[in-house]
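Just need the structure, nothing else, for what follows:
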Amino acid sequence: MKVEQIYTGCLAQGAYYIESKGEVAIVDPLRETEPYIKKAKEDGAKIKYVLETHFHADFVSGHLDLAEKTGAKIVFGPNATPEYKAHVAKDDEILELGDVKIKVLHTPGHTMESSTFLLIDEEGKETAIFSGDTLFIGDVGRPDLAVKTDLSREDLAGHLYESLHNKIMPLSDDIVVYPGHGAGSACGKNMSSETTDTLGNQKKNNYALQEMSKEEFVKQVTDGLVAPPQYFPKNAVMNKKGYGSFDEVLEKGNVALNPDKFEAIVNNEGALMLDVRNPEAFVQGHVPNSISVGLEGSFAVWVGTLIPDLKQPVVLITDEGKEEEAVTRLSRVGYDNTLGYLEGGIEAWKKAGKEVDSIKSVNADEFASLFAENKLEEVVDVRKESEFYSQRIDHDKVKNIPLDFINDNMKDYNPDKETYLHCAGGYRSVITASILKSRGIHNVVNIEGGFDAIKERDDVKTTDYVCPSTML
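Residues are numbered from 1 along each chain as shown. Alright, predicted model coming up:
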């Protein structure tokens, strides 16, 4: 028997490869299928099952393409209503895989179809659970992401309590927990950076598994939840109803466009220009009105948070060799309408004699001088509200406008004031500056290195946690 975790940092997502005696089960695969097919081929094995723990909200699963290419059976737990061919298993149903067995445990709460897959080895010993978004390392799944349900988040949290206490916690302490996500995912609020653990350790250390009443549990798991990214319910619907082939998405998007064709598609198709290079390169020179979301950060999450229409036509500006990766990572969160990329990148654009824009920047030393001389008109901290109130610049001209909600808060930017932007390290502030400039607000300055660099300065006063009424 072989169990392998295939972890994708950008989405903080864990897929799993289980092989026994030439038969394979894939748990919660990502959109692109080739890595799983290749792995099975190397093992001389055949993919028999694609196991889905639930209808994922934060990414588009590869279950449909994987089943189409391999003949594997898609398996969901009870209550699932997929609009395509799949096996909806009964609670406690046993799936045979080579010399091992996989038991379906219905664990509703995160969603009502949420299920955990219990792996039983060749000797009949229960060895691992693939818990999806029911149980994480250090946390449990948030109970407010179910699509089209009449149940409240409190109702779902109550179901989650019962699932954990009746199905998960009675299992042996030495069972290995393989969760659907780790730290950085918006599917929970307190996840560990560790991506596996024993159930016994989780019983000791996971706040949600401690002794408490159902009422106390419901309060704890619903407290402090913020609105999920806008693409979450859209991805869940895609996973439930179906979607187009990834191969077709890649073929359409991985197309080289010379500068004139690139420009024509922008003008004629209303395509959004997405520059996925690192923020430093974008600041120095970019196609006017393009939006910066660098591949090296939480690319898919920020695209999904900021671009409201999954069908939005997109053209890419990338570093050489990153074109296919960008198309792939967009498709993982349902953005399937990439129409090509700028051949030769920004250098080709310059050689064609076309206009190039840039973003004014200052480093932390320059910002400190302006701060000391009281020459700042406005400073905007684009970090999350929780980050801002944890520690921030202590100045009456500093305000918090989180990047997450920029589409709703454009009115809070004054185009007549020179606005200095910072986040934690520089990634989000450049995204913000690019969005503002694309919407006609050019009087912006990026602070290089963000708050991490600013707080190292002795001459810029910072203040620690103050809890505003909105966070009580």
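
Restricting to C-alpha, output stretch 167-177 in CSV.
Taking C-alpha atoms only, stretch 167-177 is exported to CSV below (Å, rounded to 0.1, in the frame of the first residue of the first chain):
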residue,chain,number,x,y,z
LYS,A,167,-17.7,9.4,13.6
ILE,A,168,-14.1,10.9,14.0
MET,A,169,-13.3,11.0,17.7
PRO,A,170,-14.1,7.4,18.5
LEU,A,171,-11.4,6.3,16.0
SER,A,172,-8.0,5.1,17.3
ASP,A,173,-5.5,7.8,18.4
ASP,A,174,-2.8,6.4,16.1
ILE,A,175,-4.8,7.0,12.9
VAL,A,176,-3.1,9.5,10.6
VAL,A,177,-5.2,12.6,9.6
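
Give me the contacts around that stretch.
Residues lying outside stretch 167-177 but in contact with it, judged by C-beta atoms under 8 Å, 6 or more residues apart in numbering, are 105-107, 116, 118, 126-129, 131, 134-135, 137, 196-200, 202-203, 209. For the C-beta atoms, the positions are set from N, CA and C on the backbone; glycine is no exception.

which among those residues end up buried?
105-107, 116, 118, 127-129, 131, 134-135, 137, 196-197, 199, 202, 209 (16 or more other C-beta atoms under 10 Å).

returning to that earlier point: now, the contacts of stretch 167-177 that are in helices?
199, 200, 202, 203 (DSSP state H).

Could you check how far the residue sitting furthest away from the middle of the chain is from residue 397?
Within the chain, residue 373 marks the point farthest from the mean C-alpha position, 40.8 Å out by C-alpha atoms, centre = their mean. Distance, residue 373 to residue 397, by C-beta to C-beta, to the nearest Å: 13 Å.

repeat for residue 380
Remark: distance between residue 380 and residue 397 (C-beta to C-beta) = 10 Å.

And those two? Which one has more around it.
Neighbours around residue 380 and residue 397, counted as other C-beta atoms under 10 Å, are more numerous at residue 380. The numbers are 24 against 15.

which element follows the helix or strand where that one lies toward the C-terminus?
Residue 380 belongs to strand 378-381 when elements are defined using DSSP states H and E. Beyond strand 378-381 in the direction of the C-terminus, DSSP H and E gives the next helix or strand as helix 385-390.

strands paired with the helix or strand following that following helix, and their directions?
Toward the C-terminus, helix 385-390 is succeeded by strand 391-393 as the next helix or strand (DSSP H and E). Taking DSSP bridges as the criterion, strand 391-393 sits next to strand 462-464 (antiparallel) in its sheet.

And the contacts of the partner strand?
390, 391, 392, 393, 394, 454, 455.

can I get these in TSV with pLDDT?
Formatted as TSV, the entries for these read as follows, by pLDDT from 0 to 100:
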residue	pLDDT
390	91
391	94
392	94
393	93
394	90
454	95
455	92
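
ranges for the strands of the stretch 251-400 of the chain?
Under the criterion DSSP state E, counting those that start in this stretch, the stretch 251-400 of the chain contains strands at 256-257, 272-275, 291-292, 314-317, 338-342, 360-362, 378-381, 391-393, 398-400.

could these go into CSV alongside distance to residue 95?
Putting those into CSV (distance: least, C-beta to C-beta, whole Å) gives the following:
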stretch, distance to residue 95
strand 256-257, 45
strand 272-275, 41
strand 291-292, 44
strand 314-317, 39
strand 338-342, 37
strand 360-362, 56
strand 378-381, 50
strand 391-393, 49
strand 398-400, 49
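
how is the protein carved up into domains?
Here the chain is described, according to automatic domain parsing, as comprising the domains 2-235, 245-299+310-351, 360-471.

Please report the distance of the residue farthest from the centre of the chain from residue 157.
52 Å.

Could you do residue 375 as well?
Taking C-beta to C-beta as the measure, residue 375 falls 50 Å from residue 157.

higher neighbour count, the two?
Under the criterion of other C-beta under 10 Å, the comparison of residue 375 against residue 157 puts residue 157 first, with 26 against 9.

Skip ahead from the helix or strand where that one lies and say which helix or strand is next.
According to DSSP H and E, residue 157 maps onto helix 153-163. Scanning forward in sequence from helix 153-163 by DSSP H and E, the next helix or strand is strand 176-179.

Show me which positions of that following strand end up buried.
Counting neighbours by 16+ other C-beta under 10 Å, strand 176-179 gives 177, 178, 179 as buried.

Check stretch 207-221 too.
Buried residues in stretch 207-221 (16+ other C-beta under 10 Å): 208, 209, 217, 218, 220, 221.

okay, the first one: pLDDT?
Spelled out, it's residue 208. The per-residue pLDDT reported for residue 208 equals 96.

Any buried residues in stretch 57-71, and which?
57-67, 69-70.

any idea how far residue 18 is from residue 249?
From residue 249 over to residue 18 (counting by C-beta to C-beta), the distance is 27 Å.

returning to what we had before: just flag the most distant two among the buried residues of stretch 207-221.
Using C-beta to C-beta, the two most remote members of the buried residues of stretch 207-221 are 209 and 218, lying 14.6 Å apart.

returning to what we had before: make JSON lines from the contacts of strand 462-464 and add distance to residue 384 and neighbour count to it.
Formatted as JSON lines, these follow (distance: C-beta to C-beta, whole Å; neighbours: other C-beta atoms under 10 Å):
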{"residue": "390", "distance to residue 384": "9", "neighbour count": "12"}
{"residue": "391", "distance to residue 384": "12", "neighbour count": "14"}
{"residue": "392", "distance to residue 384": "12", "neighbour count": "23"}
{"residue": "393", "distance to residue 384": "16", "neighbour count": "22"}
{"residue": "394", "distance to residue 384": "19", "neighbour count": "11"}
{"residue": "454", "distance to residue 384": "17", "neighbour count": "22"}
{"residue": "455", "distance to residue 384": "16", "neighbour count": "15"}
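
Which among the strands of the stretch 251-400 of the chain is found nearest to residue 305?
Proximity of those to residue 305 was assessed by C-beta to C-beta; the nearest stretch is strand 291-292, lying at 12.3 Å.

So which residues of the stretch 301-450 of the chain form helices?
When assigned using DSSP state H, counting those that start in this stretch, the helices of the stretch 301-450 of the chain occupy the ranges 323-331, 345-351, 364-372, 385-390, 427-438, 450-454.

Out of the ones you listed, which one sits most buried?
For the helices of the stretch 301-450 of the chain, ranked by mean neighbour count under the definition mean count of other C-beta atoms under 10 Å, the leader is helix 427-438 at a mean of 24.

what helices or strands is that one leaning on?
Packing contacts for helix 427-438, counted by 3 or more C-beta pairs under 8 Å, 6 or more residues apart in numbering; DSSP states H and E, involve helix 279-284, strand 291-292, helix 299-306, strand 419-422, strand 444-447.

Turn the ones you listed into CSV, including mean pLDDT, mean neighbour count and distance to residue 53.
Compiled in CSV, the helices and strands packed on helix 427-438 are given as follows (pLDDT from 0 to 100; neighbours: other C-beta atoms under 10 Å; distance: least, C-beta to C-beta, whole Å):
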stretch, mean pLDDT, mean neighbour count, distance to residue 53
helix 279-284, 98, 20, 35
strand 291-292, 98, 26, 33
helix 299-306, 95, 23, 19
strand 419-422, 98, 26, 38
strand 444-447, 98, 24, 40
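
Tell me which of those approaches residue 186 most closely.
Sorting the helices and strands packed on helix 427-438 by C-beta to C-beta, the top spot, which is the nearest, belongs to helix 299-306 at 7.2 Å.
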